[in-house]
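*Asks:* please find the sequence and the predicted model below.
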Amino acid sequence: MTMTMNKQIHLVSRPTGEAVAENFKLVEAVVPELQDGQVLVRVHYLSLDPYMRGRMNDAKSYAAPQPLNAVMQGGTVGEVVASKNAAYAVGDKVVGFGGWQQYSVVDAATPGMLRKVDTTHIPLSAYLGAVGMPGVTAWYGLTQICKPKAGQTVVVSAASGAVGSAVGQLAKARGCRAVGIAGGADKCRYVVDELGFDACVDYKAHPDPKSLYEALKAATPDGVDGAFENVGGPVFDATLARMNAFGRIALCGMISGYDGEPIPLRQPQLILTNRLTIEGFIVSEHMELWPQALQELGTMVATGKLKYRESVAQGIEAAPQAFLGLLKGKNFGKQVVKLV
């Protein structure tokens with residue numbers, strides 16, 4: 001058998017403050033022989049997600065730290081190219097957790113490691129975004145925590161991203177007013193014109209807190225009933241100041257603090273005066289709801305009711321820079337790396 005070489009990106013050092021390209025290293029390894037029960041997947045797309053930044057730190061968090069000198073972990077979609085598992089045939093399209101590499105060997109018998117997907121009506125890459133972890137994250141935070149009723153107002157930060165874009169569209173499908181917050185005029189136009197949000201506030205156009213608050217106030221004349229928070233910092237402060245009594249806030253991400261700096265809260269007393277419910281959540285802890293979420297998301301994507309956008313970096317070598325760009329908001333929509 002000829003040796004198949006596998007290019008991988010390893011995490012070789014932990015960032016101090018901002019993550020840098022030198023934290024990563026391109027490594028070549030030989031693809032090992034398959035053992036019984038294993039499947040070899042050729043990765044077509046790998047997923048880049050904000051949560052990965054937290055796992056680069058050797059600190060207590062909701063996920064175990066990414067090990068050093070090992071393949072950077074993350075979601076992947078691809079095709080089975082060899083199989084010693086009766087449940088998987090060569091040619092099957094699969095979604096899994098193959099990490100930043102061209103090939104992954106998967107113990108396919110382990111529950112949750114690999115899932116066959118149908119690409120007839122849903123593009124393969126969408127299983128990393130709208131019909132994958134980001135989509136389910138949006139669905140869970142909105143339906144289980146924000147619990148909006150028709151006619152209520154939902155605010156979403158990072159509204160043009162993989163998660164935020166789905167939150168707003170799912171809220172619209174439930175008869176809500178959807179208001180986004182995003183960085184830049186292009187992203188805001190997309191959120192309103194393409195995704196169908198009712199309004200979008202450009203936080204880059206409002207660098208001071210008062211101006212940001214006034215812009216959000218204009219976009220939410222009836223206040224805010226449900227908030228889906230991806231950013232933290234001044235954006236979260238503005239949203240908090242617009243919350244109605246008994247409002248609900250799903251804390252999904254705090255991207256503004258991923259360089260390790262604390263994220264102060266300007267008016268925590270609003271949580272008390274408005275009797276707000278704030279709940280942080282990690283979508284992988286709610287696997288029992290994934291089938292329900294994926295069914296709705298898959299149907300909406302297949303029928304064109306859920307729109308999404310992708311930023312596509314080319315080749316495994318491009319992964320670190322694309323990831324660092326994602327942390328700075330340089331992506332537009334879901335960030336993936338195309339390998340095939």
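*Replies:* Yes, it's here.
*Asks:* the helix or strand harbouring residue 139: what's the following helix or strand?
*Replies:* Using DSSP states H and E, residue 139 maps to helix 133-140. Following helix 133-140 in sequence order, the next helix or strand is strand 153-157 (DSSP H and E).
*Asks:* return the set of buried residues in the following helix or strand past that following strand.
*Replies:* Following strand 153-157 in sequence order, the next helix or strand is helix 162-173 (DSSP H and E). Buried residues in helix 162-173, counted by 16 or more other CB atoms under 10 Å: 162, 163, 164, 165, 166, 167, 168, 169, 170, 171, 172. The C-beta positions use only the backbone N, C-alpha and C, and glycine is treated the same way.
*Asks:* same question, stretch 17-32
*Replies:* Neighbour-count burial for stretch 17-32 flags 19, 23, 24, 31 (criterion: 16+ other CB under 10 Å).
*Asks:* ok, now which ones touch the second one?
*Replies:* The reference is to residue 23. 11, 12, 13, 14, 15, 56, 320 (CB atoms under 8 Å, 6 or more residues apart in numbering).
*Asks:* which among the residues you listed count as buried?
*Replies:* Among those, the ones that count as buried (16+ other CB under 10 Å) are 11, 15, 56, 320.
*Asks:* sorry, back to before: next, give me the two most distant ones among the contacts of residue 23.
*Replies:* 14 and 320 (14.4 Å; CB to CB).
*Asks:* now for residue 204: which residues touch it?
*Replies:* Neighbouring residues of residue 204 by CB under 8 Å, 6+ apart: 183, 184.
*Asks:* mind redoing it with 10 Å?
*Replies:* Taking CB atoms under 10 Å, 6 or more residues apart in numbering, we find residue 204 in contact with 182, 183, 184, 185, 187, 188, 329.
*Asks:* and the helix or strand bottoming out on mean pLDDT in the chain, what does it pack against?
*Replies:* Counting by mean pLDDT, DSSP states H and E, the weakest-scoring helix or strand in the chain turns out to be helix 51-55, with a mean of 92. Packing partners of helix 51-55 (3 or more CB pairs under 10 Å, 6 or more residues apart in numbering; DSSP states H and E): helix 319-327.
*Asks:* the following helix or strand past the helix it packs on pairs with which strands?
*Replies:* Of the helices and strands lying after helix 319-327 in sequence (DSSP H and E), the nearest is strand 334-338. Paired strands of strand 334-338, with direction, are strand 38-47 (antiparallel), strand 310-314 (parallel) (DSSP bridges).
*Asks:* which one of the ones you listed is the most hemmed in?
*Replies:* Stretch with highest mean neighbour count among those: strand 38-47 (a mean of 24; mean count of other CB atoms under 10 Å).
*Asks:* what angle sits between that strand and helix 133-140?
*Replies:* Angle of strand 38-47 versus helix 133-140, following axes from the mean of the first three to the mean of the last three CA atoms, to 10 degrees, is 70 degrees.
*Asks:* all strands for the stretch 151-300 of the chain, in order.
*Replies:* For the stretch 151-300 of the chain, applying DSSP state E, counting those that start in this stretch gives strands covering 153-157, 177-182, 199-202, 224-229, 243-251, 277-280.
*Asks:* ok so, going back, what's the angle between the helix holding residue 139 and strand 153-157?
*Replies:* On the basis of the same axes, to 10 degrees, helix 133-140 is oriented at 150 degrees to strand 153-157.
*Asks:* so for helix 133-140, mean pLDDT?
*Replies:* Averaged over helix 133-140, pLDDT sits at 98.
*Asks:* what helices or strands is that helix leaning on?
*Replies:* Using 3+ CB pairs under 10 Å, 6+ apart: helix 133-140 touches helix 162-173, strand 243-251, helix 290-302.
*Asks:* low pLDDT regions in the stretch 1-150 of the chain?
*Replies:* In the predicted model, the stretch 1-150 of the chain carries pLDDT under 70 at residues 1-2.
*Asks:* and the gap between the nearest residue in space to residue 336 that is not next to it in sequence and residue 330?
*Replies:* Among residues not flanking residue 336 along the chain, residue 45 sits closest, at 4.7 Å (CB to CB, 6 or more residues apart in numbering). Noted for residue 45: a distance of 18 Å to residue 330, by CB to CB, to the nearest Å.
*Asks:* thanks again, I'm all set now.
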